[in-house]
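Chemist: The sequence and its predicted three-dimensional model are supplied below.
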Amino acid sequence: MLKIDNLHVAVGGAEILRGATLEVPAGEVHAVMGPNGSGKSTLSFALAGREGYEVTQGTALFDGEDLLALDPNERAARGLFLSFQHPLEIPGVATMNFIRTALNAQRKARGEEEVSAADFLRRIREKARLVGLSDDKLKRPFNVGFSGGEKKRMEMLQMALFEPRFAIMDETDSGLDIDALKMVGDVVNALRDGRRGFLVITHYQRLLEHIRPDRVHVLAAGRIVKSGGADLAHELERAGYEQFIEAA
Ligand code: ADP
Ligand code: MG
Ligand code: MG
């Protein structure tokens, strides 16, 4: 479903990804783990099409289509969802309106009907409950003044609402307490349906106790240096990343 081959990405003229190769078949959950600065966020930004992330070599296909040729809105319209390590704040736009506009833009791009105001309200309230956010947050400007944990809950609310075909989650677990971590696991597991794909980027093994991955990949110095089953995450937790940094 997602096929990344020999991806090289430069940021500010410096090559950060240096030939990353990775394939996630439909229905699978893959984890990418790696030390700080190994290029995990760079990988997610490049796949999102964020400005300033220059692909200098390699390919990324989504359902066989050249993902890198699409603009960020088109990627979203294809059903690609990204949850960022540091979610944006949007002053002056109520959370509810921001999310409704984004949802309807995606539906429109897919040739689906817009969600009615009443239907949307019902759905977003249901998802807010699911992720543990109070209704009053939905009326406030998007993410403004939210704690780190509340922003992550907001990311998971959007993911639950958008029901993406493929989700890339960049350190959604960072800074979360144990209950919030379980919530993230619940949202992902509820969406797992044998067709949807997930790329779960994380620094620690904790989240993977809730979301058992089909495969685990180690990113070090801009390359996938090792892949294995779910147990690889435990091995990393024990042995650390040192061995891979040296190998890279
Ligand atoms: P990770 O998410 O694995 O911690 P990142 O992808 O955020 O790693 O960063 C990888 C490397 O790229 C780091 O060495 C970081 O300093 C560098 N980097 C990230 N963003 C920029 C930027 N905008 N300009 C220059 N270097 C950057
Ligand atoms: Mg980091
Ligand atoms: Mg990062």
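Modeler: Yes, it's here. Not measured: the values here are computed from a predicted model. Ligands and ions are numbered 1, 2, ... in the order given.

Chemist: can we go C-alpha only for contacts and neighbour counts from here?
Modeler: Will do.

Chemist: who in this structure is up against ligand 1?
Modeler: Residues of the chain that fall close to ligand 1, judged by Cα under 6 Å from any ligand atom: 11-12, 16, 36-42.

Chemist: So which of those sit within helices?
Modeler: With helices defined by DSSP state H, the entries of these inside them are 40-42.

Chemist: any low-confidence regions in the chain?
Modeler: 246-248 (pLDDT under 70).

Chemist: can you pull out the helices in it?
Modeler: The residue ranges that make up the helices of the chain, judged by DSSP H, are 40-48, 72-77, 95-109, 117-131, 135-139, 148-162, 178-191, 231-239, 242-247.

Chemist: quick one: which of these is nearest residue 2?
Modeler: When the helices of the chain are compared for distance to residue 2 using Cα to Cα, the nearest one is helix 40-48, at 10.1 Å.

Chemist: what's in contact with that closest one?
Modeler: Applying Cα atoms under 8 Å, 6 or more residues apart in numbering, the set of residues contacting helix 40-48 from outside is 9, 16-17, 32-34, 53-55, 60, 67-68, 72, 75, 82, 85, 168-170, 201, 219.

Chemist: ok, back up a step: tell me the most packed of the ones in helices among the residues of the chain next to ligand 1, by neighbour count.
Modeler: Top of these by neighbour number is residue 40, holding 26 neighbours under the definition other Cα atoms under 10 Å.

Chemist: what's the spacing between that one and residue 167?
Modeler: If you measure residue 40 against residue 167 using Cα to Cα, to the nearest Å, the figure is 15 Å.

Chemist: go on, residue 42?
Modeler: 16 Å.

Chemist: For the closest residue in space to residue 39 that isn't next to it in sequence, grab the count of nearby residues.
Modeler: The spatially closest residue to residue 39, leaving aside those adjacent along the chain, is residue 222, at 5.4 Å (Cα to Cα, 6 or more residues apart in numbering). Residue 222 is surrounded by 24 other residues when neighbours are defined as other Cα under 10 Å.
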